[in-house]
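Give me a model of this one.
(chains A, B, C and D)
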Protein chains: 2
Amino acid sequence: MESTEAGFRSRRKTGRPLSFDRDAALQQAMLTFWRHGYETTSIVDLTTAMGVTAPSLYTAFGDKKRLFLEAAHRYAGDPEIIARAIEGAPAAYDAAREMLTAAATAYTGDTTPKGCLLASATASGSASSAEVQRAVANIRQRIEACLRARIERDVSANVLPPGTNAVALAGVIMAVIQGMSVLARDGTARAALLAIAEQTLRAWPAKSHAPHQA
Amino acid sequence: MESTEAGFRSRRKTGRPLSFDRDAALQQAMLTFWRHGYETTSIVDLTTAMGVTAPSLYTAFGDKKRLFLEAAHRYAGDPEIIARAIEGAPAAYDAAREMLTAAATAYTGDTTPKGCLLASATASGSASSAEVQRAVANIRQRIEACLRARIERDVSANVLPPGTNAVALAGVIMAVIQGMSVLARDGTARAALLAIAEQTLRAWPAKSHAPHQA
DNA sequence: TTACTTTCATAGCGTTCGATATGCAGCCAT
DNA sequence: ATGGCTGCATATCGAACGCTATGAAAGTAA
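Here you go, the predicted structure:
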């Protein structure tokens, strides 16, 4: 059930070895999906970028859907590590700050496509891609749940004011992160995104302020 | 140069009249693009939804690109009206509040697709759709510029603290709006989006508070 | 009625889509 | 060396893509 079972068909013992670097090919596939989206990336686009023929792609990765899912998981990184980073932060504020600045930076890389693969690649699609859209949504929601739990923990620990709406606060952070992807795609520079991140963090409820909600 | 020249080929005086309601067909096209995106909506999808054959679609709307642009402009509404609404608001805060709550509501309609057409339909695409992506980005940036100008006006009028970063503040609002589209597509309910809107507005710098930035 | 204009429905254009059948090439185990 | 795998390159497959040629149908203008 684990998605990272070290590839699609790797436990072979005999036969001709792969003539290409599977990991490097996956990396190129990820970049291509990142730039052009899931449905709007063709197999030819992928084989060209990966330097591999179509039959090799299919034997190594299954089909387009599985290749995308593997690329998406590689993009998202290990969810356990993310969870530990959020939970291990000094406070929810620090986790949110790290998430926002990391997003602003990652969405404006020089050598990578602009924006967020998870935010753009399956933002729309025909009915046939519903399963892929759900998988990407799950990745998002797992991160949101983790941040929300961290906020709730801070509320319980009195680090955040008791009236804090954890769902809304986590939602704002997630919305800004996803929205920054759109802005980055439109050409907004890294500095501007970082300023948006800073401005967003000014909304963070502080214990030193009186909680101003019912 | 005006996009709304009342259709693609409407100034006819003789000949067989249109057997379908051009406006209603455009509305259906808009809903279809809204649901499935630009490139990921096929001509068959459109003709089915619009109740029109392919040749009729092409004579009435030009081609897929022009049909989408016309649908996108219908979705976005008259930019003049939007500009007047932002400029005519009591303060930038009210404009931002209206934009956020209107987005939260519009993205979770019962009879419309979830999310925002402008945010999702061209979030990704092959190189051939670059022109359409740019057109949609322009719509976004026009709104952002309008909000930013309204914020700057409030700063000049001392309604907002002098140190206010208008670019970042407008950017946050735009990012949250675009991000809410992603959340809405993932299934987030209207109430949750409205809570995010409220939480976002708490970040709004108030003249009554001491400005806490350099 | 007749000429003219424009839309309609049918059918299909050439291209690209995701995915494969086929046969040769390369590597391991024996 | 040889048999058994497995990946490689070539050449497609049927379906769907965006789009259009064609001629009949339905109006207006004379």
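
which residue sits closest to A:M50, ignoring its sequence neighbours?
Distance criterion CB to CB, 6 or more residues apart in numbering or on different chains; nearest residue to A:M50, sequence neighbours excluded, is A:A25 at 4.1 Å. Backbone N, C-alpha and C define where each C-beta goes, glycine included.

buried sites along the helix ranked longest in chain A?
Using DSSP state H to define each element, chain A has its longest helix at helix A:130-156. Residues of helix A:130-156 classed as buried under the neighbour-count rule (16 or more other CB atoms under 10 Å in any protein chain shown) are A:132-133, A:135-137, A:139-141, A:143-144, A:146-152, A:154-155.

contacting residues for the residue nearest to A:M50?
A:A25 makes contacts with A:50-52, A:57, A:60, as judged by CB atoms under 8 Å, 6 or more residues apart in numbering or on different chains.

List just the nearest of those to B:I173.
Taking CB to CB as the measure, B:I173 lies nearest A:M50 of the contacts of A:A25, at 39.9 Å.

How about the contacts made by that closest one?
A:M50 neighbours (CB under 8 Å, 6+ apart): A:20, A:25, A:28-29, A:32, A:57.

quick one: it and DNA strand C, what's the gap?
In this view, A:M50 and DNA strand C are 13 Å apart by CB to the nearest atom of the strand, to the nearest Å.

how deep is A:T14 tucked in, by neighbour count?
Number of residues near A:T14 (other CB atoms under 10 Å in any protein chain shown) recorded here: 5.

Secondary structure element holding A:E39?
In the assignment (DSSP states H and E), A:E39 maps to no helix and no strand.

Run a quick neighbour tally on it.
Applying other CB under 10 Å, we find 24 residues neighbouring A:E39.

circling back to that earlier point, and the next helix-or-strand element following the longest helix of chain A, C-alpha only, in PDB?
For helix A:130-156, the following helix or strand on the C-terminal side (DSSP H and E) is helix A:166-186. Extracted in PDB, the C-alpha atoms of helix A:166-186 (Å, rounded to 0.1, in the frame of the first residue of the first chain):
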ATOM      1  CA  ALA A 166      -7.700  26.700  14.500                       C
ATOM      2  CA  VAL A 167      -9.600  25.600  11.300                       C
ATOM      3  CA  ALA A 168      -9.700  29.200  10.000                       C
ATOM      4  CA  LEU A 169      -6.200  30.000  10.900                       C
ATOM      5  CA  ALA A 170      -4.800  26.800   9.300                       C
ATOM      6  CA  GLY A 171      -7.100  27.600   6.400                       C
ATOM      7  CA  VAL A 172      -5.700  31.000   5.900                       C
ATOM      8  CA  ILE A 173      -2.100  29.600   5.800                       C
ATOM      9  CA  MET A 174      -3.100  26.900   3.300                       C
ATOM     10  CA  ALA A 175      -5.000  29.400   1.200                       C
ATOM     11  CA  VAL A 176      -2.100  31.800   1.100                       C
ATOM     12  CA  ILE A 177       0.300  29.000   0.100                       C
ATOM     13  CA  GLN A 178      -2.000  27.800  -2.700                       C
ATOM     14  CA  GLY A 179      -2.700  31.400  -3.800                       C
ATOM     15  CA  MET A 180       1.000  32.200  -3.900                       C
ATOM     16  CA  SER A 181       1.400  29.500  -6.500                       C
ATOM     17  CA  VAL A 182      -1.100  31.300  -8.800                       C
ATOM     18  CA  LEU A 183       0.700  34.600  -8.300                       C
ATOM     19  CA  ALA A 184       4.100  33.000  -8.900                       C
ATOM     20  CA  ARG A 185       2.800  31.500 -12.200                       C
ATOM     21  CA  ASP A 186       1.600  35.000 -13.100                       C
END
